[in-house]
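>>> predicted structure and sequence below. I'll ask about it afterward.
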Amino acid sequence: MEKLVIKGGRNLKGEVYISGAKNAAVAIIPAALMIDNSCKIENVPNISDVAILKDILIQLGAEAEFADHNTLFINSRNVNTYKASYDMVKKMRASYYLLGALLGRFKRAEVAMPGGCDFGFRPIDQHIKGFEALGARVEVKHGIVRLKADKLVGSHIFLDVVSVGATINLMLAAVKAEGITTIENAAKEPHVVDIANFLNAMGANIKGAGTDIIKIKGVESLKGNVSYSIIPDQIEAGTFMVAAAATQGDVVVRNIIPKHMDSLTAKLIEMNVKVVEGEDWIRVTGNGRISKANIKTLPYPGFPTDLHPPVTVLLCLADGTSTITEGVWDSRFQYIDELKRMGAQVKVEGRMAVIEGGSRLTGAPVKATDLRAGAAMVVAGLVAEGETELYNIEYIDRGYENIEGKLRSLGAEICRIRQGSCQL
Ligand code: EPU
């Protein structure tokens, strides 16, 4: 079992390069199944979620190979099955994108849903409602979602909730449907736009991605031999920005799209953190006292739910009482108990956490309860007095490429222990 050991108290200093967006990659890789040809995907984050998806594609008959650390070649010519078993998808929560991609290509899909959840119930009713509107018959039985359509026909779909997954899945299913599909109340996240751009590069006709109305004009076929570069990861960038602020550091976060960071940048400035933006970088500098703040997570362009756990650590260090309200997920507070073990004073009331600032966090053995909770514990370890041992780090590896290497390059004392020991 691996763990991260962090000795807190160092101010992070220097520059860090952000990898490609996980939540774009986990949709773009399945989208490559939609062509019977090859494509080259660049700026792919080298994370375990991507490795798992690559293996799933290979099991479906595709060729998928890294040409270098972050460039993935996929050729889906020999894919001849629309079935992905539980064994294949159980480690991959975003496996639901196989539904839209396989339905789009074969008009059929059978995909097992992965069991368990990171943080509460994660329904897919909006995905299913959309597939049905496009003409698919849907059966959910024994943990398997089966989709079958004689033909897919464009439709008008109004999502009841703003859902990233449903928006992307319905784009995938609709690109080759007959006629026009309109998705209203669509998610506007940067990765939704990225997937639309990838599909358009393959010959799809999608307009309006990034707004709440997306129009997809079905095309007869998609073309291969496409080369596409994934956008930078908004959440990895945000995690490093928060870590810089929490450690009173001075960090330039590079290879990002500063516009994607607007909601976090505004909050950091409100909290008395210095933030300067360039064309593709943001510099975050600690300014001494951190002011309290009230934050509510919302769909983009609101404050991202995936930055909620890391930013809570920053609120623990602020002057006064802050609140964070979770506006996307029903339950995302499991990490609070771990944070309390390090001295945080937080009370959860329904969907809101009330955080007493001014805590002196102290190192402790703690665990990651999910991916972003793990990122929060890393930030906590960086500011805590003494040593933090962080367990269950396979969650972190799902979404952060070489987190300890990047932090070490900023002066953090952090190492991964596989077997034996490490010197801090
Ligand atoms: N929802 C429904 N019905 C649906 C779909 C969603 O009620 O059919 C609800 C959910 O329960 C939730 C809300 O709608 O309350 C938003 O869910 P969404 O569908 O947007 O989430 P998702 O697509 O499953 C993606 C990211 C998550 C991120 C959310 C919100 C991927 C693979 N995952 O999940 O990222 O928290 O959007 O931005 O893109 C992470 O990276 O750590 C992570 C969990």
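Great, that's in hand.
>>> for stretch 69-89, which positions count as buried?
Across stretch 69-89, burial judged by 16 or more other C-beta atoms under 10 Å covers 70, 72, 74-76, 79, 82-84, 88-89. No exception for glycine: its C-beta is placed from N, CA and C like everyone else's.
>>> name the element whatever residue of the chain ends up closest to the ligand belongs to?
As assessed by C-beta to the nearest ligand atom, the ligand sits closest to residue 165 within the chain, at 2.8 Å. Element membership for residue 165 (DSSP states H and E) is helix 164-174.
>>> which SSE is the residue of the chain positioned farthest from its centre in?
Relative to the centre of the chain, and counting by C-alpha atoms, centre = their mean, the farthest-placed residue is residue 150 at 33.6 Å. Under the criterion of DSSP H and E, residue 150 resides outside all helices and strands.
>>> per-residue pLDDT, it?
The score at residue 150 is 97. That number is its pLDDT.
>>> right, and it touches residue 137 too?
No: judged on C-beta atoms under 8 Å, residue 150 makes no contact with residue 137 at a distance of 9.1 Å.
>>> how many residues are close by the residue of the chain closest to the ligand?
Counted with other C-beta atoms under 10 Å, residues neighbouring residue 165 total 23.
>>> now residue 289
Using other C-beta under 10 Å: residue 289 sits among 11 other residues.
>>> surely it is within a strand?
No: Residue 289 is assigned coil when assessed by DSSP: H, G, I helix; E, B strand; the rest coil, not a strand.
>>> other residues contacting the one helix or strand in the chain whose mean pLDDT sits lowest?
Every helix and strand in the chain was compared by mean pLDDT, DSSP states H and E; the lowest is helix 86-89, with a mean of 84. Helix 86-89 is contacted by residues 55-56, 59, 95, 98, 111-115, 143-144 when judged by C-beta atoms under 8 Å, 6 or more residues apart in numbering.
>>> same check, this time on stretch 327-344
The contact list for stretch 327-344 (C-beta under 8 Å, 6+ apart) reads 119-121, 296-299, 302, 305, 308-309, 312-313, 316, 326, 346, 348, 351, 353, 355, 359-370, 373, 376-377, 380, 384, 388.
>>> let's see that with 6 Å instead.
119-120, 296-298, 305, 309, 316, 326, 346, 348, 359, 361-362, 364, 366, 369, 373, 376-377, 380, 384 (C-beta atoms under 6 Å, 6 or more residues apart in numbering).
>>> go through it and flag the buried ones.
Going by 16+ other C-beta under 10 Å, stretch 327-344 has these buried residues: 328-329, 332-336, 338-344.
>>> and it, how far out from the chain's middle?
Centre-to-centre, stretch 327-344 and its host chain are 18 Å apart (C-alpha atoms, centre = their mean, to the nearest Å).
>>> same thing with stretch 240-253?
Put simply, stretch 240-253 sits 20 Å off its chain's centre (C-alpha atoms, centre = their mean).
>>> now do stretch 394-409
How far stretch 394-409 lies from its chain's middle: 14 Å, per C-alpha atoms, centre = their mean.
>>> now do the end-to-end distance for it.
Start and end residues of stretch 394-409 are separated by 21 Å (C-alpha to C-alpha, to the nearest Å).
>>> now it: mean pLDDT?
For stretch 394-409, mean pLDDT is 97.
>>> contacts for that stretch?
16, 19, 22, 45-49, 368, 370-371, 374, 414, 416.
>>> and for stretch 23-37?
Residues outside stretch 23-37 that contact it (C-beta under 6 Å, 6+ apart) are 39, 44-45, 49-50, 53, 74, 76-77, 79, 94, 97-98, 101, 104-105, 168, 172, 191, 194-195, 198, 202, 222, 224, 230-231.
>>> only alpha carbons, please: show that stretch as PDB.
Taking C-alpha atoms only, stretch 23-37 is exported to PDB below (Å, rounded to 0.1, in the frame of the first residue of the first chain):
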ATOM      1  CA  ASN A  23     -12.500  15.400 -17.100                       C
ATOM      2  CA  ALA A  24     -12.000  16.200 -20.800                       C
ATOM      3  CA  ALA A  25      -9.700  13.200 -21.400                       C
ATOM      4  CA  VAL A  26     -12.100  10.700 -19.800                       C
ATOM      5  CA  ALA A  27     -14.700  11.800 -22.500                       C
ATOM      6  CA  ILE A  28     -12.400  12.400 -25.400                       C
ATOM      7  CA  ILE A  29     -10.900   8.900 -25.200                       C
ATOM      8  CA  PRO A  30     -14.300   7.100 -25.400                       C
ATOM      9  CA  ALA A  31     -15.300   9.600 -28.200                       C
ATOM     10  CA  ALA A  32     -12.400   8.100 -30.200                       C
ATOM     11  CA  LEU A  33     -14.400   4.900 -30.400                       C
ATOM     12  CA  MET A  34     -16.900   6.700 -32.700                       C
ATOM     13  CA  ILE A  35     -14.600   6.600 -35.700                       C
ATOM     14  CA  ASP A  36     -13.400   3.500 -37.500                       C
ATOM     15  CA  ASN A  37     -10.000   5.100 -37.900                       C
END
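>>> what comes up buried for it?
Residues of stretch 23-37 classed as buried: 23-35, 37 (neighbour count, 16+ other C-beta under 10 Å).
>>> ok, the residues you listed vs residue 179, which is closest?
Lowest distance from residue 179 to the buried residues of stretch 23-37 (C-beta to C-beta) belongs to residue 34, with 18.1 Å.
>>> what parts of the protein come near the ligand?
Within the chain, the positions near the ligand by C-beta under 6 Å from any ligand atom are 23, 26, 94, 122-127, 161, 163-166, 187, 305-306, 328-329, 371-372, 399.
>>> any idea where the helices of the stretch 51-200 of the chain begin and end?
For the stretch 51-200 of the chain, the helices defined by DSSP state H, counting those that start in this stretch cover 86-89, 97-106, 125-133, 164-174, 190-201.
>>> of those, flag the one that's most buried.
Of the helices of the stretch 51-200 of the chain, the one with the most neighbours on average (mean count of other C-beta atoms under 10 Å) is helix 164-174, at a mean of 28.
>>> so which elements touch that helix?
Applying 3 or more C-beta pairs under 6 Å, 6 or more residues apart in numbering; DSSP states H and E, one finds that helix 164-174 contacts helix 97-106, helix 125-133.
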